[in-house]
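Participant: A structural model of the following input is requested.
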Amino acid sequence: MKSGCQVVDQIGEMEIVGNIVPHLWYKNITFSSGKAHFVAITLLADIVYWYRPTMIRDDSGMVVGARTKFKGDMLQKSYQAFADTYGFTKRQVKDAIDFLVEHHLLIREFRTISSSSMILNNVMYVQPVAGNVKRMMEERCNVTELVSICPPDTPERTTSSPSKEGLTHQEEGAPEVEAGTYTESTSKSSSENHEEQEQSAAECPVTFFRDNGFGRVGTYIQEKIKSWCDSLSESLVVEAMKRAVEQGKYYWSYVDAILVNWEQLKVRDVKDARTKESQRMFEKHSKRNVCSGTRKPVRTEMLPDWFTSESQDFLDITDKEFEAEKAKLMEELKAYRERGAVM
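Facilitator: Numbers count the residues shown, from 1 in each chain. Below is the predicted model:
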């Protein structure tokens with residue numbers, strides 16, 4: 001059936017698979033200032049897409065059933081997987097997921113996936129709250145008006161997974177999510193983990209901030225510290241504050257700049273931060289030496305032998321003429337004095 005518009009007919013022939021964003025979301029899912037939270041909207045649309053059922057059709061094209069796009073009871077996806085898909089930073093994704101969870105549009109669980117060969121810690125699973133998502137689409141209801149309509153999420157769940165099937169979610173025509181997209185992979189030994197946990201317990205970032213002269217710990221600073229602790233770790237946040245104290249920089253912007261640099265370097269812990277910074281200083285010093293070594297040498301010219309010999313002959317001649325002229329003047333002076341004495 002033709003619509004009468006060639007472009008409309010061409011678009012209608014395309015099989016578009018992907019996210020659908022209802023227009024009301026841009027009015028309802030907003031910051032406190034009223035501006036649309038584009039990162040949260042994009043991530044929610046992606047998650048809802050994965051939870052939309054895939055229709056099973058028979059040979060005639062009739063729908064005979066439905067199935068999920070992913071395996072397991074919930075969708076597994078990491079902050080980094082979202083960031084790689086949409087070009088956001090990992091921190092932007094983390095903040096947006098926190099926003100959706102706090103406003104009762106999303107359930108988030110962190111599980112430990114164990115098998116006979118490996119253990120994956122903090123694997124993130126997400127699930128939309130269907131009732132509240134429906135309210136965002138059907139009526140003018142701001143996200144701040146939503147209330148929880150589901151049981152509280154479990155902080156961490158341990159699941160036995162003898163294969164990697166629980167970490168993949170595939171659908172015909174949908175982008176494949178590669179295995180290993182868990183939130184954080186832990187390759188440290190148990191002793192290193194225990195040591196870092198003890199250090200974090202001994203030094204609370206908020207307490208360190210307050211006790212070392214950085215100033216009053218308000219709600220904003222607490223949220224910033226919490227965000228960095230989730231993005232990196234408590235020990236790294238405390239280490240950044242220690243660096244600021246050593247430099248006499250008792251303000252948060254200096255600490256924040258250090259943490260941004262560590263995030264760009266993909267620092268894992270305090271030891272890794274020191275190693276990468278030492279390597280960076282070494283490369284900078286080596287580059288400086290290479291630059292100084294490439295300066296052009298000052299050119300020196302050797303004088304020929306004939307120049308030296310001729311110069312010496314010229315000096316000898318000059319000395320003889322000077323002595324002769326001196327003797328002549330002395331004779332004239334003597335004669336002048338004798339004439340004066342006679343007169």
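
Participant: hey, let's count contacts and neighbours off CA atoms from now on
Facilitator: OK.

Participant: so where's the stretch 1-150 of the chain shaky on pLDDT?
Facilitator: Confidence mapping of the stretch 1-150 of the chain against pLDDT under 70 gives the ranges 1, 115-117, 150.

Participant: just confirm G248 is within a strand.
Facilitator: No: counting by DSSP: H, G, I helix; E, B strand; the rest coil, G248 is not part of a strand but coil.

Participant: what is the burial count for it?
Facilitator: The local packing of G248 (other C-alpha atoms under 10 Å) involves 9 other residues.

Participant: backbone dihedrals for it, please?
Facilitator: Per-residue torsions, G248: phi 70, psi 20 (degrees, to the nearest 10).

Participant: where does the stretch 201-343 of the chain have low pLDDT?
Facilitator: Using pLDDT under 70, the flagged stretches of the stretch 201-343 of the chain are 201-202, 288-320, 341-343.

Participant: if we go to 50?
Facilitator: Residue ranges of the stretch 201-343 of the chain with pLDDT under 50: 201-202.

Participant: could you pull out the helices in it for me?
Facilitator: Here the stretch 201-343 of the chain has its helices, by DSSP state H, counting those that start in this stretch, at 205-211, 219-231, 234-246, 252-264, 270-293, 305-342.

Participant: tell me the buried residues in the fifth one?
Facilitator: By neighbour count with 16 or more other C-alpha atoms under 10 Å, helix 270-293 contains the buried residues V270, A273.

Participant: quick check: which helices or strands does it pack against?
Facilitator: helix 234-246 (3 or more C-alpha pairs under 8 Å, 6 or more residues apart in numbering; DSSP states H and E).

Participant: go again with 7 Å.
Facilitator: Counting contacts by 3 or more C-alpha pairs under 7 Å, 6 or more residues apart in numbering; DSSP states H and E, helix 270-293 is packed against no other helix or strand.

Participant: can you pull out the strands in the stretch 1-150 of the chain?
Facilitator: For the stretch 1-150 of the chain, the strands defined by DSSP state E, counting those that start in this stretch cover 54-57, 63-67, 75-76, 106-114, 119-128.

Participant: that older thread, to V143, which of the helices of the stretch 201-343 of the chain lies closest?
Facilitator: With C-alpha to C-alpha as the criterion, V143 lies closest to helix 219-231 of those, at 20.1 Å.
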